[in-house]
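*Asks:* The sequence isn't on hand, but the structure is:
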């Protein structure tokens, strides 16, 4: 499983709408509306790196109301949880 | 459940060691070593806001090798997964 | 009680109008027009974290004339005053 | 009454200690440990502008563990609370 | 007397016009067009802090052609000149 | 007369001492300790541009406790005051 | 052979289209769509420095959808590969 | 002779046109189109400081296609060349 | 093949030495010393994403003289060259 | 002839000494101590691009007292002066 943390700023007044649109995109497992410098943080969890690349370069581009994104691609994961099993149901 | 995304830069040469130390901290569910401007991104998931505050202001402070942290506290969560059930086992 | 400090920049020529609109929003206890990099600083004091989240993600979004906000959510409070009693009248 | 919002970053591992020291300084009414780009936000409330100037240029300088401060001096206050009465007891 | 240094950037091609407009505003004693990151630096010298607050939050807002301002409010003055006498004529 | 606005940050705990040292430097007419991103703002007023250059590149260098300076050299002055007469006494 | 690394941000929704247009420009050997602060990174490899200058100042200017570019011109190359032979076919 | 280095960014697609317009402005001796964060660097060399001030605050303002300028005014010159003689022909 | 562009700043006086050390690291195909904001740009080309992650999180950490790195991981490649064949010899 | 503009910040108190050292380096034609964000701006003029690369990556590295440099390499020159003849005497 390939994970990525996506830092997002939205157009004015679009925080909630973008959060809901993003949560429906395949490959996005969670969207948090956050305090601080970013409006939203999305966690992407895809089968492999190619799916992540497609998600970021194509699907994210089509979500309306996004102003800026910065993708932090995970190179290694450290967790006591078996994230792979928890999130991959249905692949 | 209270979630937070913590952006972390570490002392030089300490990325892996800090990641392992953080993954052992109670309340940190995942630590990702990432491409881009941050060395690590940790996801905190605690029972409530008070536990998160304690985690960030006290426990994180004691982890060696951290240079800088910026906590993005989640105000709302949008997810098709039941994160509460998935991550709260054992509380 | 949950406190937050909200740093705000307004549209040009809107500092005073936005300050007055914000001061009327439930949960905002004080609005300061300030010297320096930010036009306004608002202090939010809500019953609990959920009310703060709602205030920031929904009510603030509807205030006209705001260009940018950055919410600094309080994790701990240190004060010789009993802020809880002073500000919670009417809850 | 003169108000100011002071954004503070502390030396590593000193967040809590600095918060406690600041809360004891005369003229500082509240200290918040916060999420995001700043470690602490202190609210100064002094009798007049001269007292504020003295607090910032002299007393703050003597508090150990502070790395950086940025004072946002309030020029106007908008509040439904009578802050003057609430905070000036004892002057 | 209350002094403040105001760093200003203007709309494109408006440097000279804004400088002349600002120099006519009561409370602005000098306007410098400057090299470097800011187009103009204005020095405000008012009777007291309240007049400065009014100047910055109201009068400056009405000057056309200003894009951005950052007010650096003086807390203490060190000078071999008697600025108070030099600049307060007519108050 | 050549004017310049010098934005200054000092070593920790040195704001007041540097302000006093600077106020004694020939060519520095005023030093303000300020709110916001800079610790001090000094106004230099010299006979001509060569004196200003010497002040900035040589005399300022010798003042202890300065961490960073940024000189904003004035190209034009707009003022209702006769600054030349007011500040040039003794040249 | 003269090499340069060109960091590129595109207009919203134009990442893929710009990548394809750039890959067709003579002198651009590779275009990467990347994670992090930049949308695209292009590698230019030209016969000599004059060709690179022409590529950057003229041809790049005509590619639609580019918002910002920053060219990092290579002064020396360290590689175990014979880049000159690998990329210069056809000159 | 008064020298200044002017860092310039232009409107999109205007680098070459602005460079040519600037090179025709009296007092601008050289215009370089550059790699890196700035599109153009112009070197101004004028008879004295007043001419430079006029060039920057008036003539530069009228050149179309410029988005941003930052003037770095020279306070001292160190050179094995006699720049004064080389560049002042015709004054 | 997985590509990444790594922006690098080195300790003072270490540009050339770090460039040579990096060029010897397996998986780094080219190192450019560059003009502008970064000292070096390295291109990593590895068999797959796991090898890249190992290169960045482990091998790069051990190269002396590096001060800061920012890895821009390639999600898609557009090139008229068959980079896979050109660079994968020996895998 | 290859030109480059080099933006330089020096160690504290070293502006003049570094300026003098740089002016003696072969290939550096002028060094300006400047107002604003940079301490010094050096103009490099070398026979060709290879000499410039050698100057920047090797000779500049050996000059003591430099803290930071950013080289803006010229891709095209627009000037009414015959810079080539003026500066190349002795090559």
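*Replies:* Nice, I can see it. The model shown is predicted, which means the values in this text are computed figures rather than measured ones.

*Asks:* how about whichever helix in chain A runs longest: buried residues?
*Replies:* Longest helix of chain A, by residue count under DSSP state H: helix A:15-23. Across helix A:15-23, burial judged by 16 or more other C-beta atoms under 10 Å in any protein chain shown covers A:15, A:16, A:18, A:19, A:21, A:22, A:23. Heads up, the C-betas are built off the backbone N, CA and C, glycines and all.

*Asks:* which secondary structure elements does it contact?
*Replies:* Applying 3 or more C-beta pairs under 8 Å, 6 or more residues apart in numbering or on different chains; DSSP states H and E, one finds that helix A:15-23 contacts strand A:2-10, strand A:28-34, strand A:40-46, strand B:66-78.

*Asks:* For the ones you listed, give me CSV that also has mean pLDDT.
*Replies:* Output for these, formatted as CSV (pLDDT from 0 to 100):
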stretch, mean pLDDT
strand A:2-10, 96
strand A:28-34, 97
strand A:40-46, 97
strand B:66-78, 94
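
*Asks:* With respect to chain C, which of these lies nearest?
*Replies:* Nearest of the helices and strands packed on helix A:15-23 to chain C, taken as C-beta to the nearest C-beta: strand B:66-78 at 3.5 Å.

*Asks:* Does chain A have contacts with the helix or strand just after that closest one?
*Replies:* Remark: after strand B:66-78, the chain's next helix or strand is helix B:83-87, criterion DSSP states H and E. Yes. Applying C-beta under 8 Å from any C-beta of the partner chain, one finds helix B:83-87 in contact with chain A at B:83, B:86, B:87.

*Asks:* mind listing what the residue of chain A most remote from its centre touches?
*Replies:* Within chain A, residue A:80 marks the point farthest from the mean C-alpha position, 21.3 Å out by C-alpha atoms, centre = their mean. Residue A:80 sits next to B:23, B:29 when contact means C-beta atoms under 8 Å, 6 or more residues apart in numbering or on different chains.

*Asks:* same question, residue A:70
*Replies:* A:6, A:7, B:36, B:37, G:36, G:37.

*Asks:* need the contact list for the closest residue in space to the third one that isn't next to it in sequence.
*Replies:* Using C-beta to C-beta, 6 or more residues apart in numbering or on different chains and skipping residues adjacent in sequence, the residue nearest residue B:36 is residue G:36, 3.8 Å away. Residues near residue G:36 by C-beta under 8 Å, 6+ apart: A:70, A:71, A:72, B:35, B:36, B:37, I:70, I:71, I:72, I:73.

*Asks:* Let's see if you can find the most crowded of those.
*Replies:* Counting neighbours by other C-beta atoms under 10 Å in any protein chain shown, residue I:73 leads these with 29 neighbours.

*Asks:* So what sits opposite that residue in the bridge?
*Replies:* On the basis of DSSP bridges, residue I:73 is bridged to residue I:4.

*Asks:* Do I have it right that it meets residue I:43?
*Replies:* No. The criterion here is C-beta atoms under 8 Å, and residue I:73 misses it with residue I:43 at 11.9 Å.

*Asks:* shared neighbours of these two, anything?
*Replies:* Common contacts of residue I:73 and residue I:43, defined by C-beta under 8 Å, 6+ apart, comprise residue I:4.

*Asks:* Figure out the length between the terminal residues of stretch A:2-21.
*Replies:* 21 Å (C-alpha to C-alpha, to the nearest Å).

*Asks:* Excluding chain neighbours, what is closest to residue A:86?
*Replies:* Leaving aside its sequence neighbours, residue A:86 sits nearest to residue B:86 (C-beta to C-beta, 6+ apart; 5.4 Å).

*Asks:* Could you give the number of residues near the one you found?
*Replies:* Residue B:86 has 16 neighbours, counted by other C-beta under 10 Å.

*Asks:* The closest residue to chain F within chain A sits in which helix or strand?
*Replies:* Closest residue of chain A to chain F, C-beta to the nearest C-beta: residue A:37 (17.4 Å). Assessed by DSSP H and E, residue A:37 sits outside every helix and strand.

*Asks:* Grab the nearest non-local neighbour of it.
*Replies:* In space, and not counting its chain neighbours, residue A:37 is closest to residue C:70: 6.1 Å by C-beta to C-beta, 6+ apart.

*Asks:* for residue A:43, same thing?
*Replies:* The spatially closest residue to residue A:43, leaving aside those adjacent along the chain, is residue A:30, at 4.5 Å (C-beta to C-beta, 6+ apart).

*Asks:* I'd like to know how many residues surround that neighbour.
*Replies:* Neighbours of residue A:30 (other C-beta under 10 Å): 22.

*Asks:* closest point of chain A to chain E, which residue?
*Replies:* In chain A, no residue comes nearer to chain E than residue A:12, which is 18.6 Å away by C-beta to the nearest C-beta.

*Asks:* circling back to that earlier point, and the buried residues of helix A:15-23 as TSV, adding distance to residue H:58?
*Replies:* Listed next are those as TSV, based on distance: C-beta to C-beta, whole Å:
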residue	distance to residue H:58
A:15	45
A:16	49
A:18	46
A:19	50
A:21	50
A:22	50
A:23	55
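
*Asks:* how about those residues in JSON lines, adding pLDDT?
*Replies:* Listed next are the buried residues of helix A:15-23 as JSON lines, based on pLDDT from 0 to 100:
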{"residue": "A:15", "pLDDT": "91"}
{"residue": "A:16", "pLDDT": "92"}
{"residue": "A:18", "pLDDT": "96"}
{"residue": "A:19", "pLDDT": "96"}
{"residue": "A:21", "pLDDT": "97"}
{"residue": "A:22", "pLDDT": "97"}
{"residue": "A:23", "pLDDT": "96"}
